[in-house]
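> Attaching a predicted model along with its sequence, questions to come.
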Amino acid sequence: MEFFKKAKDDSTKVLLGKLAPFPDVLSDRNDIILKEMLTSDASDSLTIQILQALFSAMLVLHKRQAVNHLPGGHFFKMAGNI
């Protein structure tokens, strides 16, 4: 949720690879495909607008669909054996 909140207002950091929903997964800076995807080009301004719209929608969707799993929700407390 925090990722969506940060990224919905300014997705520039996402496009630069400085903000990710799972930073430990995207930590391999030797990944050739990831480097190519994060390379700046002429479409960046449009891509940022699209990402911000997407992240705003995803934030609303998660709040509606995962309400029982968010803080204060019915399933928020994890069982001790997990």
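Noted; the coordinates are in hand.
> how close does residue 2 get to residue 16?
Distance, residue 2 to residue 16, using C-beta to C-beta, to the nearest Å: 18 Å. C-beta: built from backbone N, CA, C; applies to glycine.
> Which one of those two is surrounded by more residues?
Higher neighbour count among residue 2 and residue 16: residue 16, with 11 against 7, using other C-beta atoms under 10 Å.
> In the chain, which residue is most central in space?
residue 21 (4.0 Å; C-alpha atoms, centre = their mean).
> quick one, phi/psi of the residue nearest to it when sequence neighbours are not counted?
Closest residue to residue 21 apart from its sequence neighbours, by C-beta to C-beta, 6 or more residues apart in numbering: residue 3 at 4.3 Å. Backbone torsions for residue 3, taken as degrees, to the nearest 10, come to phi -60, psi -50.
> Would you confirm that residue 3 contacts residue 19?
Yes: the pair residue 3 / residue 19 is scored as a contact, 7.1 Å apart, by C-beta atoms under 8 Å.
> So which elements touch the lowest-mean-pLDDT helix or strand in the chain?
Ranked by mean pLDDT, DSSP states H and E, the weakest helix or strand in the chain is helix 32-37, scoring a mean of 83. With contacts defined as 3 or more C-beta pairs under 8 Å, 6 or more residues apart in numbering; DSSP states H and E, helix 32-37 has no helix or strand neighbours.
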